[in-house]
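S.K.: give me a model of this one.
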Amino acid sequence: RAIGQIGRQGLWLSLLVLTLLLTGCVESSVGIRFDSPQRGEITQRLRLADSLGSQTTQQWLDSIQRQSRALGGHVERSRQALTITIPFTSGADLEKKFNRLLSQALIKIDLNHQLASPLPAIDAHFSFHQSNFLLLERNRLRYDVDLRPLGVPATGGNVVFSPAKLLDLEFCLITPWGARSVKGALLPEIVVGNRGLNWSLIPGQQHRIEAIFWLPNPLGIGTLVIVLLVLVGLYVKSQGQPTRSETVIPS
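M.R.: Residues are numbered from 1 along each chain as shown. As a prediction, this is how the structure comes out:
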């Protein structure tokens, strides 16, 4: 019955081939680090099991490496591992680069090989919104990813087969002042030094990661400094001028 269910879902061939090829696991960790509102980095680390075919591995890693460099990223590579660092300069830049590269590269492993069948298409979207409050910026990050195609549900809703042991997927957020998860979203598992949150993504489930964090607003702070300097200058100028009683009127 379980085999029939898998056949009706049209996933058994992909999952079987994936199991044979990836006896071990694919480790994928994506992190977003904010240093300031105008500076940060996206970091992705990929590590593949040695049992994955050499030709397949190199073709896939080559593709990711080309996309990363097209986005201004820096790549460090070994035979079975890849570390990508992509800088961003604003929330809009972060959203654009993440959706162009990492929202698919994180989990969609398209094995372009005659012995391999690609995984089912994964629906994923990343969004980032900023609100200015004079001296501070309120940032809201949301990442929706549907990993249900990677697990075949039974009649009762349980997952018959899931490559959870083969795919190790993580998402991390690090900010200067820390962040908090939004109620109703996936809860983070680890708080990294009170400055970061870490989530584990489970194949066969639908996830929504949502977090809020605050950053200083350079424009607002700069405006306040200018206003204070102007006020100080006016005050100093007024103190240097003689009052009417001190003014000598010639006879």
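
S.K.: which parts of the protein are strands?
M.R.: Using DSSP state E, the strands of the chain run over residues 26-36, 39-48, 74-77, 81-88, 123-133, 136-146, 152-153, 159-161, 167-174, 180-181, 190-192, 196-201, 206-216.

S.K.: mean neighbour count and distance to Gly222 added to those, as CSV?
M.R.: For every residue, glycine as well, the C-beta is placed using N, CA and C. As requested, these are exported to CSV (neighbours: other Cβ atoms under 10 Å; distance: least, Cβ to Cβ, whole Å):
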stretch, mean neighbour count, distance to Gly222
strand 26-36, 19, 13
strand 39-48, 19, 16
strand 74-77, 14, 30
strand 81-88, 20, 21
strand 123-133, 15, 13
strand 136-146, 18, 13
strand 152-153, 18, 54
strand 159-161, 18, 53
strand 167-174, 20, 25
strand 180-181, 15, 27
strand 190-192, 13, 31
strand 196-201, 20, 28
strand 206-216, 17, 11
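
S.K.: those strands: which one's closest to Asn99?
M.R.: strand 123-133 (5.3 Å; Cβ to Cβ).

S.K.: who are the packing partners of the closest one?
M.R.: helix 91-97, helix 103-105, strand 136-146, helix 218-240 (3 or more Cβ pairs under 8 Å, 6 or more residues apart in numbering; DSSP states H and E).

S.K.: just send these back as JSON lines, with mean pLDDT too.
M.R.: Output for the helices and strands packed on strand 123-133, formatted as JSON lines (pLDDT from 0 to 100):
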{"stretch": "helix 91-97", "mean pLDDT": "93"}
{"stretch": "helix 103-105", "mean pLDDT": "50"}
{"stretch": "strand 136-146", "mean pLDDT": "93"}
{"stretch": "helix 218-240", "mean pLDDT": "87"}
